[in-house]
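>>> Just the structure for this:
(chains A and B)
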Amino acid sequence: MFFNLFHSLRRHGVPVTFNEWLLLQKALSRNLADSSMTRFYYLARALMVKSEAHFDKYDQAFLECFGHIESDDERVRSIEERLLRMPPLELTEEEKRLVAELDLEEVRSRFLEQLKNQDDEPHVGGDRAIGVHGRSTHGAWGYNPAGVRIGQHESRMRSAIQIAEKRSFMNYRDDVALDTRSIKTVLGYIRQVVREGPKDTLDVDGTIDATCRNAGELEFIWDRARKKRIKLMLLMDAGGTMTPHAELVSRLFSAAKDIVKDLRFYYFHNCVYQELYTDIGQMRAVDTRKILDTTSRNYKVILVGDAYMAPSELLSPDGAIDFWYRNDRPGIEWLMDIRKRFRKVIWLNPESRQWWPSVPSTRMIQRVFPMYELTLEGMRAGARALIKQ
Amino acid sequence: MDKFKGTSSYILSDALREIVNAAIVLQRPLLLKGEPGTGKTELAQVIAEDLQLRLIRWNIKSTSKASDGLYVYDTVQRLNDSRFHDKDVSDIRQYIKFGKLGEALRSEDQVVLLIDEIDKADLEFPNDLLFELDQMSFDVVETGDHFKAKHRPIVVITSNSEKELPDAFLRRCLFHYIEFPDPSMMEKIARVHFPNLRHNLLSQIVARFYFIRQKHELKKRPSTSELLDWIRAILAGGITEQELNKRLPFLGVLLKTEDDVARVAAH
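Numbers count the residues shown, from 1 in each chain, chains lettered A, B, ... in the order given. Sure thing, here's the model as predicted:
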């Protein structure tokens, strides 16, 4: 059942598997959705979509499959609304006594009979039909102690289609821009457990081993505690074409500052040459060679830039975009030096992936560094590459 | 078995309630994500309370290992005992200490098992749990004992997405993302904690709270628990709606960094 939803989800890029779809069938066979579209919406989502980043894609797929259906929840609600608008009914004691005499079984069978014969047009007063404020045994806000109620509890279930149409999870998509919190989350992936600090944790295995070697005489072995650390170096392009992305880069930077204790960061203009800058205005220069030599190989390096420049800026001596700037080594050699010096380097590009093949300088830089989009999805992939052994 | 309905002290959405029931019927772990302070951890408590089951809470730390959750063989104790000859060290069973997961699987009655903040642990941690959560059984290698749960525990897992969870693990769970409550839901939540608070004051406080949350690009956005503290402070300080309209008192209760306080105060 609902195989088209499964297909539609896969088409929208939700990684749903056949087993999860089978589990949905099991859930439906146990009537967990209770024939309600809204419940089905949430149930199918809980079973097949395992990240809030895919919720928006799910909404789209759901609309594609079921958007044309007017759900039953809606119908129940429209009946309810009509019921609510009616004034209440007053009964005399005598009438109440008469009404109380009906027994539940009889009421139920009459209700079912009624349902067969009646459409859901509004109905006020009366003794037989489903409506309101009547003495009939079915409907809402009427007076009958043995009555059957039709969904007049306060409905907090919104209609599934409306929920999907709201697309409230659009901001959680992983291929759109990032806020500081999600950047921190991704940078957190890079943190790895290392041992450091004083030797104050008992190494049980080591202790047993040493004690055995010591013929049973207890010998304690201590180890350094395990801590999560990242050493990260950020190299950010502060050139002119980066201006539209300045806000995004500054978010990345502030997230990194919050989460990374050993953060080193430098700026460059379009491409890295013999000098890097410690300020965004590029007034305070430091020697690139010195930084490469004095920074531990274990630093993870992230270069952030649009990789958009004239080929000469990469390939020629004195090719830097600043006319007065002299570089005797072409930029690409400096980039290759960075690649060689550090174990893990990635390049994050704020420009959309689809433009990369059409920019020669981007293609060249892609041959030096693995390049990822500066989106949540891209950063995740980049983070995975940074922690891979 | 009884259906989970929720309790009066915990406001939950209908969607979440249905998913909890689905997880119970399908016997799958329920994975919860959501902003801090959206009541992920409390949900397990409420399920246990409502169904009158025992709650076993396993708090995960960065050093937690999956096997420790089942049992630990206390070799050091045994070694120590053997030196002083004050116990019969040949009985290994007395040195097997069961962890929270082991406890849940050995329980005579059905329990609710909360695995709190699973993302704090090592990347491999969730994968190491797969077999035990599927089969609800485990072996103690040292003694050859085999334990199988008499009743499958109801498993609730929370994550703050500090790490990505492995796909194989995700496939076995039901997943729900608890959205940050909207203002009317938030009023209901606050109402549970402050039943006697005047209606006008409460809605004014909640309105101001959402103003702060949404208006400013904050480093750390205040959550439900901060709001409750704020209400407490406002009540203690005897602040009225009118005053609240003009200024924002006790900002330090809501905001936890100097930058954020300065940013909001500047407005």
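>>> Just after whichever strand or helix holds B:Arg232, pick out the following helix or strand.
Under the criterion DSSP states H and E, the helix or strand holding B:Arg232 is helix B:224-237. Past helix B:224-237, heading to the C-terminal end, the next element that is a helix or strand (DSSP H and E) is helix B:241-246.
>>> all helices of the stretch 151-300 of chain A, in order?
A:160-166, A:180-190, A:204-213, A:246-259, A:288-294 (DSSP state H, counting those that start in this stretch).
>>> ignore the last one, chain B
Remark: helices assigned in chain B by DSSP state H are B:14-26, B:40-51, B:66-70, B:75-84, B:100-106, B:125-135, B:167-171, B:183-193, B:199-215, B:224-237, B:241-246, B:251-254, B:258-265.
>>> among those helices, which is nearest A:Asp200?
Nearest to A:Asp200 among these is helix B:75-84; the distance by Cβ to Cβ comes to 16.3 Å. All C-beta spots, glycine's among them, are computed from the backbone N, C-alpha and C.
>>> buried ones in the closest one?
Within helix B:75-84, the residues scored as buried using 16 or more other Cβ atoms under 10 Å in any protein chain shown are B:Thr75, B:Val76, B:Arg78, B:Leu79, B:Asp81.
>>> Could you export the residues you listed to JSON lines, including columns for distance to chain A and pLDDT?
Output for the buried residues of helix B:75-84, formatted as JSON lines (distance: Cβ to the nearest Cβ, whole Å; pLDDT from 0 to 100):
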{"residue": "B:Thr75", "distance to chain A": "6", "pLDDT": "82"}
{"residue": "B:Val76", "distance to chain A": "6", "pLDDT": "79"}
{"residue": "B:Arg78", "distance to chain A": "10", "pLDDT": "85"}
{"residue": "B:Leu79", "distance to chain A": "6", "pLDDT": "80"}
{"residue": "B:Asp81", "distance to chain A": "12", "pLDDT": "85"}
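>>> in the stretch 1-150 of chain B, which segments are predicted with low confidence?
Low-confidence regions of the stretch 1-150 of chain B, defined by pLDDT under 70, span residues B:1-2.
>>> what do you get if the cut-off is 90, keeping everything else the same?
Within the stretch 1-150 of chain B, the ranges that satisfy pLDDT under 90 run B:1-18, B:34-42, B:61-68, B:73-95, B:119-135, B:141-144.
>>> nearest residue to whatever residue of the stretch 1-150 of chain B ends up closest to chain A other than its sequence neighbours?
With Cβ to the nearest Cβ as the measure, the residue in the stretch 1-150 of chain B that lies nearest chain A is B:Ala15; the distance is 4.2 Å. Nearest residue to B:Ala15 in three dimensions, chain neighbours excluded: A:Tyr42, at 4.2 Å (Cβ to Cβ, 6 or more residues apart in numbering or on different chains).
>>> Return the list of helices and strands in contact with whichever strand or helix holds that neighbour.
Taking DSSP H and E as the definition, A:Tyr42 sits inside helix A:37-48. The elements that helix A:37-48 packs onto, with contact taken as 3 or more Cβ pairs under 8 Å, 6 or more residues apart in numbering or on different chains; DSSP states H and E, are helix A:3-11, helix A:18-29, helix A:55-66, helix A:72-84, helix A:160-166, helix B:14-26, strand B:174-178.
>>> Relative to B:Val261, which of those is closest?
If we rank the helices and strands packed on helix A:37-48 by Cβ to Cβ, the stretch that ends up nearest is strand B:174-178, at 27.4 Å.
>>> Would you list the strands that that closest one pairs with, along with their directions?
In the sheet, strand B:174-178 lines up against strand B:30-34 (parallel) (DSSP bridges).
>>> list the contacts for residue 44?
No chain specified, so I'll use chain A. A:Ala44 is in contact with A:Phe2, A:Leu5, A:Leu24, A:Ala33, A:Phe62, counting by Cβ atoms under 8 Å, 6 or more residues apart in numbering or on different chains.
>>> that's the wrong chain, I meant chain B
Contact analysis of B:Ala44 by Cβ under 8 Å, 6+ apart lists B:Leu55, B:Arg57, B:Val112, B:Leu114, B:Val156, B:Thr158.
>>> okay if I get those as TSV plus neighbour count?
Output for the contacts of B:Ala44, formatted as TSV (neighbours: other Cβ atoms under 10 Å in any protein chain shown):
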residue	neighbour count
B:Leu55	17
B:Arg57	15
B:Val112	24
B:Leu114	28
B:Val156	25
B:Thr158	22
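>>> Mind putting those into TSV with distance to B:Val264?
As requested, those are arranged in TSV below (distance: Cβ to Cβ, whole Å):
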residue	distance to B:Val264
B:Leu55	38
B:Arg57	35
B:Val112	39
B:Leu114	35
B:Val156	35
B:Thr158	29
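>>> From the residues you listed, pick the one nearest A:Val345.
B:Thr158 (34.7 Å).
>>> is the closest one in a bridge, and if so with what?
In this structure, B:Thr158 has the following beta-bridge partners (DSSP bridges): B:Leu32.
>>> thinking it is in contact with B:Gly39, fair?
No: B:Thr158 is beyond contact range of B:Gly39, at 10.0 Å (criterion: Cβ atoms under 8 Å).
>>> Let me see the domain layout of the chain.
No chain was given, so I picked chain A. Chain A is divided into the following domains under automatic domain parsing: A:3-69, A:195-228, A:230-387.
>>> look at chain B instead
Here the domain assignment for chain B is B:14-70+B:97-178, B:183-265, based on automatic domain parsing.
>>> Out of those domains, which is the most enclosed?
Using mean count of other Cβ atoms under 10 Å in any protein chain shown, the stretch among the domains of chain B with the greatest mean number of neighbours is domain B:14-70+B:97-178 (a mean of 19).
>>> how far does it sit from the chain's center?
The gap between where domain B:14-70+B:97-178 is centred and where its chain is centred comes out at 10 Å by Cα atoms, centre = their mean, to the nearest Å.
>>> What about the nearest residue to B:Arg78 once chain neighbours are set aside, how many residues nearby?
The spatially closest residue to B:Arg78, leaving aside those adjacent along the chain, is B:Tyr95, at 4.7 Å (Cβ to Cβ, 6+ apart). As a burial measure, B:Tyr95 scores 20 neighbours (other Cβ atoms under 10 Å in any protein chain shown).
>>> B:Tyr95 contacts B:Val76, doesn't it?
No: with contacts counted by Cβ under 8 Å, B:Tyr95 stays clear of B:Val76, the gap being 9.2 Å.
>>> Now for chain A, the helix or strand with the poorest mean pLDDT.
In chain A, the helix or strand scored least confidently by mean pLDDT, DSSP states H and E is strand A:139-140, which has a mean of 42.
>>> I'd like the distance between A:Ile280 and A:Val272.
Distance, A:Ile280 to A:Val272, by Cβ to Cβ, to the nearest Å: 15 Å.
>>> These two: who's more crowded?
Legend: neighbour count by other Cβ under 10 Å for A:Ile280 and A:Val272, higher for A:Val272 (22 against 14).
>>> which residues sit in contact with the residue nearest the centre of chain B?
Ranked by distance to the mean C-alpha position of chain B (Cα atoms, centre = their mean), the top residue is B:Thr41 at 1.9 Å. Taking Cβ under 8 Å, 6+ apart as the definition of contact, the neighbours of B:Thr41 are B:Leu114, B:Asp116, B:Thr158.
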